Each structure stands twice: as C-alpha cells, then as structure tokens.
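> Pasting the sequence and the predicted model now:
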Amino acid sequence: LDFSISDKEQTVEWNQNAFMKMENLKILIIRNGKFSKGPNYFPEGLRVLEWHRYPSKCLPSNFHPNNLLICKLPDSSMASFEFHGSSKAILKFDNCKFLTQIPDVSDLPNLRELSFKGCESLVAVDDSIGFLNKLKKLSAYGCR
C-alpha cells in the first residue's frame, strides 16, 4: 500500500483500525499527508514500514515487528522505540523532534543502517551501537 496525497498540510481524518483487516499487508508507505492520529494496529507480517510524519509517539503496543526489515519514520512524533529480533536491516528516525534516546540495539545483530540525523532532542545513545558488526551506515549529524 503506497498512500500519497498532493497536499502535505491537509489533515487526514481516518479510522485508526483501518489496517486490522489487512492481514496480508507487507509494505506500507505513506509519504505525504498529515494524519489526525496514529494507528491502533499493524499486521504482524509487515516487512516495510515507511511513514513520513508518523503521528504517534510510539508504535501500537500490540504490534510485534518480528518480520519488519525496514522501518523509516522521518519527521515523525516518535519519542521512543524498541525493536527486538534479528531481521531488522534498516531503521531511520531522521528529524524526530521528540526522540530523546537511542535504546539498546544489541538484539538487532543484522542491522545495516541506523539513522537519527536531525533529532534535536536526542541526549543519549546506547553503547550497544558500537557492537553491531553488520552496521554499514550510521547517520547522526544535526543532533545536539
């Protein structure tokens, strides 16, 4: 599902449970639009999540992203994240103004790319990043 609207400032009112019946959804890309609220649910089989300006401070609590390979949430309201499982390859949280820390990522041994550039509120990065043997790209410029 690739959702794009032409007016970036138009607020999208939507049903937060819209993804509940989409059990086979593997790729979700939302590049434009200002959503009124975040989702209550993501399918467990989701492999790619890219949502610019993601409106919630965290992912739904009932979402266990075991199959998620790529997660890109630039310019979002994310305040924290916690991922487990070896499948994650790319995590991008660029320009997340509420993100204050990068947690322990030692449970992500296959992580190849981690980006949190422009996160002005970031004050802590866990030392576990230094032990990610497969990490090829780390982007952190523009942080305080």
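Arrived safely. Residues are numbered from 1 along each chain as shown.
> Quick one: name whatever helix or strand follows the helix or strand that contains Glu50.
Secondary structure assignment for Glu50, by DSSP states H and E: strand 48-51. Moving toward the C-terminus from strand 48-51, the next helix or strand (DSSP H and E) is strand 70-72.
> Given that next one, what are its sheet partners and their directions?
For strand 70-72, the paired strands and their directions (DSSP bridges) are strand 48-51 (parallel), strand 90-92 (parallel).
> Show me how far the strand holding Glu50 is from its chain's centre.
Distance, stretch centre to chain centre, for strand 48-51: 7 Å (C-alpha atoms, centre = their mean, to the nearest Å).
> any residues touching it, and which ones?
26-31, 42, 65, 68-73, 76 (C-beta atoms under 8 Å, 6 or more residues apart in numbering). The C-beta positions use only the backbone N, C-alpha and C, and glycine is treated the same way.
> Same question for stretch 56-76.
Counting by C-beta under 8 Å, 6+ apart, stretch 56-76 makes contact with 37-42, 44-55, 77-81, 83-85, 87-96, 98, all of which sit outside it.
> Span of that stretch from start to end?
Terminal residues of stretch 56-76 lie 8 Å apart, using C-alpha to C-alpha, to the nearest Å.
> Quick check: buried residues in that stretch?
Residues of stretch 56-76 classed as buried by neighbour count (16 or more other C-beta atoms under 10 Å): 56, 59, 63, 65, 68, 70-74, 76.
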